[in-house]
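Chemist: fold the following, please.
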Amino acid sequence: MISIKSDQEIELMRRANQIVRDTLNLLEEKIRVGMTTKELDKIAHDYIISQDAVPSFLGYEGYPASVCTSINEEVVHGIPSDRVIQDGDLVSVDCGSIYKGYNGDAARTYLVGNVSEEKRKLAEVTKQCFFEGIKVLKAGVRLGDLGHAIQSYAESFGYGVVRDLVGHGIGQDMHEDPEVPNYGKAGHGLRLRANMTIAIEPMINMGTERVLMLDDGWTIVTKDGKPSAHYENTVLITEDGVEILSL
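Modeler: Modelled structure (predicted):
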């Protein structure tokens with residue numbers, strides 16, 4: 001069931017998403033060559049807790065950490081570990097917080113050290129995919145219009161748009177209806193309504209759209225081993241556009 005949020009619920013979601021935004025900004029300041037992804041996780045965990053919130057990923061369906069850290073060919077859901085971040089890595093961090101029962105969710109891809117021009121472009125295009133998508137959004141627009149805008153932009157650069165993972169509704173649960181694909185046919189799909197909240201998260205691969213899951217049961221990687229980037233924000237649908245809650 002798709003939930004339409006009240007003004008009070010939206011206010012709590014604004015705060016949850018501000019905490020996520022500030023956590024990701026803090027990680028951008030701190031991330032460097034030579035640190036481990038586990039160190040990033042601790043910084044995020046401690047900051048979220050300090051804001052009277054709870055890391056929503058920690059323990060979610062058994063997930064063992066507070067953020068997801070996915071490097072290079074890892075698309076999403078990489079588990080923080082003793083892995084050391086190397087010069088030239090693309091590091092995608094997905095972060096969620098729960099504030100007074102409501103969720104925030106966003107992701108960024110960081111360029112660490114001397115990143116190749118190819119990887120830099122992939123990260124820039126992935127971020128722009130989100131902004132191309134929200135250009136078409138307002139109450140009454142169909143989800144297929146959003147997916148089509150994201151897909152068309154990504155594919156114009158020859159990139160693959162991941163099909164096996166999609167964005168989602170969000171509120172009291174981190175994952176609510178509807179599913180929000182990053183691909184689609186204009187004029188098709190669910191019609192969006194004012195005060196719906198959705199997480200839009202382009203996952204764009206330098207090569208094939210196809211992905212595999214590693215043996216840890218979480219980490220998703222590109223099938224061809226080429227890099228991937230991830231960019232996500234939670235948005236509120238309004239009568240004439242969107243409000244980005246996590247920016």
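Chemist: can you give me phi and psi for the nearest residue to Lys223 once chain neighbours are set aside?
Modeler: Excluding the flanking residues, the one nearest Lys223 by CB to CB, 6 or more residues apart in numbering is Arg210, at 4.0 Å. Quick note: C-beta positions are derived from backbone N, CA and C, even for glycine. When read as degrees, to the nearest 10, the backbone of Arg210 gives phi -80, psi 140.
Chemist: wait, Arg210 sits on Gly225?
Modeler: No: contact criterion CB atoms under 8 Å: Arg210 and Gly225 do not qualify, at 11.2 Å.
Chemist: so after the longest helix along the chain, what's the next helix or strand?
Modeler: For the chain, the longest helix by residue count, based on DSSP state H, is helix 7-30. Counting by DSSP states H and E, the next helix or strand C-terminal to helix 7-30 is helix 37-50.
Chemist: quick one: contacts of the helix or strand following that following helix?
Modeler: Note on helix 37-50: by DSSP H and E, the next helix or strand toward the C-terminus is strand 54-55. The set of residues external to strand 54-55 that reach it, using CB atoms under 8 Å, 6 or more residues apart in numbering, is Ala44, His45, Ile48, Ile49, Ser66, Val67, Cys95, Gly96, Ser97, Ile98, Tyr99.
Chemist: most widely separated two among the residues you listed?
Modeler: Longest distance between any two of the contacts of strand 54-55 is 16.2 Å, between Val67 and Tyr99; criterion CB to CB.
Chemist: the more surrounded of the two?
Modeler: Remark: of Val67 and Tyr99, Val67 carries more neighbours, 28 against 22, as counted by other CB atoms under 10 Å.
Chemist: touching, the more buried one and Phe57? I think so.
Modeler: Yes: taking CB under 8 Å as the definition, Val67 is a contact partner of Phe57 at 6.4 Å.
Chemist: give me the common contacts of these two.
Modeler: Contacts common to Val67 and Phe57, judged by CB under 8 Å, 6+ apart, are Asp94, Cys95.
Chemist: which pLDDT value belongs to Met1?
Modeler: Looking at Met1, its pLDDT is 84.
Chemist: mind listing what it touches?
Modeler: Asp177.
Chemist: look up how far Ala229 lies from Leu122.
Modeler: Leu122 sits 5 Å away from Ala229, going by CB to CB, to the nearest Å.
Chemist: more neighbours: which of those two?
Modeler: Remark: of Leu122 and Ala229, Ala229 carries more neighbours, 30 against 25, as counted by other CB under 10 Å.
Chemist: what helix or strand is that one located in?
Modeler: Counting by DSSP H and E, the element that carries Ala229 is strand 228-230.
Chemist: for that strand, which strands pair with it and how are they oriented?
Modeler: strand 203-205 (antiparallel) (DSSP bridges).
Chemist: that older thread, show me the contact partners of the longest helix of the chain.
Modeler: Outside helix 7-30, the residues that touch it by CB under 8 Å, 6+ apart are 5, 40, 43-44, 47-48, 51, 53, 67, 93, 95-108, 110, 170-171, 195, 197, 233-234, 236, 245-247.
Chemist: how about that helix: buried residues?
Modeler: 9-10, 12-21, 23-24, 27 (16 or more other CB atoms under 10 Å).
Chemist: buried ones in the helix or strand containing Gly144?
Modeler: Assigned by DSSP H and E, Gly144 falls within helix 143-155. Within helix 143-155, the residues that count as buried by 16+ other CB under 10 Å are Leu143, Gly144, Asp145, Leu146, Gly147, His148, Ala149, Ile150, Gln151, Ser152, Tyr153, Ala154.
Chemist: ok, of the residues you listed, which one's closest to Arg191?
Modeler: Proximity of the buried residues of helix 143-155 to Arg191 (CB to CB) peaks at Leu143, which lies at 8.0 Å.
Chemist: now for the closest residue to the closest one other than its chain neighbours, how many residues are close by?
Modeler: Nearest non-adjacent residue to Leu143, counting by CB to CB, 6+ apart: Gly189, 3.7 Å away. Counted with other CB under 10 Å, residues neighbouring Gly189 total 20.
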